[in-house]
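# below is the sequence, then the predicted model.
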Amino acid sequence: MVLSSTIAREAPTPAHICPMDRSCSYLQQAASQLNLDTNITTILEHPRKVITVSIPVKLDTGEVQVLAGHRVQHSDILGPYKGGIRYHPSVTLREVSALAMLMTWKCALLGIPYGGAKGGIAIDPNQYSVGELERITRRYTSELIKDIGPAVDIPAPDMGTSAREMAWMMDTYSMHVGHAVPGIVTGKPLSIGGSRGRQQATGRGVMLAIREALAERGQSLAGASIAIQGFGNVGSSAAILLHEAGAKILAVSNGSGGVYSEGGLDIPALQAHLQDNPRQMGTFPGGEAIGNADLLLLPCDVLVPAALEDQITAENADRIQAKIVAEAANGPITLDGDRILADRGILVLPDILTNAGGVVVSYLEWVQGQSYVFWDEERVNREMEGLMVNAYHRVSATARCKTISFRLAAYTLGVGRVAQALSDRGLYP
Ligand SMILES: NC(=O)C1=CN([C@@H]2O[C@H](COP(=O)(O)OP(=O)(O)OC[C@H]3O[C@@H](n4cnc5c(N)ncnc54)[C@H](O)[C@@H]3O)[C@@H](O)[C@H]2O)C=CC1
Ligand SMILES: O=C(O)CCC(=O)C(=O)O
């Protein structure tokens, strides 16, 4: 048996430096808008708990790999830590820390009683068998057992994970405590207490944010031209719902490439093609192949990055031709990219607002589980729409009234709520 270690070796961060440049920069800007006490800002800059565990996994070949699994709990000031688990090769402790902080502001902005967390393992799930993924997920859950719980920290799906991984986590946790604990995760299958509508929820929220932004400009979804980078859970759900609403989906892409049609793609036909030809987006006969970099530069009403971080940067922001960029992914625009888009008058709908539909329905799943009463999909969608549309208009009104960007307005509302709670509870001794 061979022992190989894939534990990431990251440069240590000096204790006084916030490891998350972009997240901390936006936090500082919001703190300055709010005239926050610097002690409060200093506390909010730092995650409350950073956990890295070793995950020894026996591969199907008999080889043992030791993976690094992270969970960063940024804040539980407003309620249990909440946030997804990501399986992707780019996962690092820094990335997870930044994403955990985003979760805190997102939940606070939407007015749901959660703090913020994120977890991840640096693997490409496509390179592992289902059995290996199950062993990885169960061992990761076991290693975190003392740090998670339905009133403590509630994981959910993110990139590279889905209801399947949530079911394994729920089962591992439940076996440990000796009884079923559905509330340990959200985004789980319906059979074990999942919520109707959760799978499409993030994409639905993206569609709603775009709908409201277009409406404020006197335009409707019908006929709006849209390009979407990423065709996973979020990108594909958003594409389907936007297509159903009459938008013209000019292009979509995934890790294997993209497809473009000037007249608009037939999204259900594309989905059927991908079922038969997984990872062969570019061979879809209803369009022509387009690369991920070119997709971002298409002239369109709305560009929707729904895959990775750092896609719009100082390198390409001056060539973006969309009127609106809707951040379906977390952190798809770098700090420099954001400044350039702002200078060019391109409206950016920030991630903590645009992709909040997922965590909102996670919250509704948790509420249903706590009350043992399960709703139909129509009710779930209606409740989610109410929270999303309300948050959108609070952000828009704040941006207008203070003459600041939508991002700064969203941060101001989210950070302000957490800061108020921290101050009311009393600063940590
Ligand atoms: N799943 C959820 O409920 C939520 C997800 N998000 C965010 O949305 C983003 C996407 O997440 P999911 O859709 O859940 O992940 P997913 O794993 O279902 O899909 C990711 C998609 O990105 C594509 N992709 C990977 N590398 C790419 C590249 N280099 N260029 C273009 N596409 C590439 C993949 O092929 C896939 O289509 C992430 O930033 C995630 O944090 C945010 C809120 C909730
Ligand atoms: O549904 C959740 O709890 C978290 C979703 C998530 O990770 C995110 O919004 O980025």
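Yep, it's here. Ligands and ions are numbered 1, 2, ... in the order given.

# which bits of the protein sit near ligand 1?
When proximity is defined by Cβ under 6 Å from any ligand atom, the chain lies next to ligand 1 at 84, 157-160, 202, 229-235, 253-255, 292, 306-308, 328-330, 355, 358. (Glycine included, C-beta is placed from N, CA and C.)

# separate out the buried members of those residues.
Buried subset of the residues of the chain next to ligand 1 (neighbour count, 16 or more other Cβ atoms under 10 Å): 84, 157-160, 202, 229-235, 253-254, 292, 306-308, 328-330, 355, 358.

# going along the chain, name the strands of this protein.
Under the criterion DSSP state E, strands of the chain are mapped to 3-5, 49-58, 64-75, 81-87, 116-121, 153-157, 225-229, 248-254, 257-260, 288-290, 300-305, 322-326, 347-349.

# need these in CSV (columns: mean pLDDT).
Output for these, formatted as CSV (pLDDT from 0 to 100):
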stretch, mean pLDDT
strand 3-5, 41
strand 49-58, 98
strand 64-75, 98
strand 81-87, 98
strand 116-121, 98
strand 153-157, 98
strand 225-229, 98
strand 248-254, 97
strand 257-260, 96
strand 288-290, 96
strand 300-305, 98
strand 322-326, 98
strand 347-349, 98
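
# tabulate these (CSV), appending distance to Ser129.
Converted to CSV, those look like this (distance: least, Cβ to Cβ, whole Å):
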stretch, distance to Ser129
strand 3-5, 17
strand 49-58, 11
strand 64-75, 13
strand 81-87, 14
strand 116-121, 15
strand 153-157, 20
strand 225-229, 29
strand 248-254, 21
strand 257-260, 25
strand 288-290, 30
strand 300-305, 31
strand 322-326, 36
strand 347-349, 38
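
# quick one: which of the ones you listed is nearest Ile40?
Taking Cβ to Cβ, strand 64-75 is the member of these nearest to Ile40, at 11.6 Å.

# quick check: the residue of the stretch 101-250 of the chain nearest ligand 2.
Closest residue of the stretch 101-250 of the chain to ligand 2, Cβ to the nearest ligand atom: Ala156 (3.2 Å).

# doesn't Gly358 make contact with that residue?
Yes - if you go by Cβ atoms under 8 Å, Ala156 and Gly358 touch, sitting 7.3 Å apart.

# so what sits against both of the two?
Counting by Cβ atoms under 8 Å, 6 or more residues apart in numbering, the residues touching both Ala156 and Gly358 are 84, 187.

# which ones are touching the residue of the stretch 101-250 of the chain closest to ligand 2?
Residues in contact with Ala156 (Cβ under 8 Å, 6+ apart) are 82-85, 166, 185-187, 358-359, 362.

# try it again at 7 Å.
By Cβ atoms under 7 Å, 6 or more residues apart in numbering, the residues touching Ala156 are 83-84, 166, 185-187, 362.

# got any ranges where this protein has weak pLDDT?
By pLDDT under 70, the weakly predicted segments of the chain are 1-20, 428-429.

# which residue, other than its chain neighbours, is closest to Ala245?
Spatial nearest neighbour of Ala245, chain neighbours left out: Leu221 (4.0 Å); criterion: Cβ to Cβ, 6 or more residues apart in numbering.

# any idea how far that neighbour lies from Ala209?
Leu221 sits 11 Å away from Ala209, taking Cβ to Cβ, to the nearest Å as the criterion.

# Thr52 too?
For Thr52, the distance to Ala209 (Cβ to Cβ) stands at 34 Å.

# who are the contact partners of the closest residue to Asp153 other than its chain neighbours?
In space, and not counting its chain neighbours, Asp153 is closest to Tyr81: 3.9 Å by Cβ to Cβ, 6+ apart. Applying Cβ under 7 Å, 6+ apart, one finds that Tyr81 lies in contact with 73, 115-117, 152-153.
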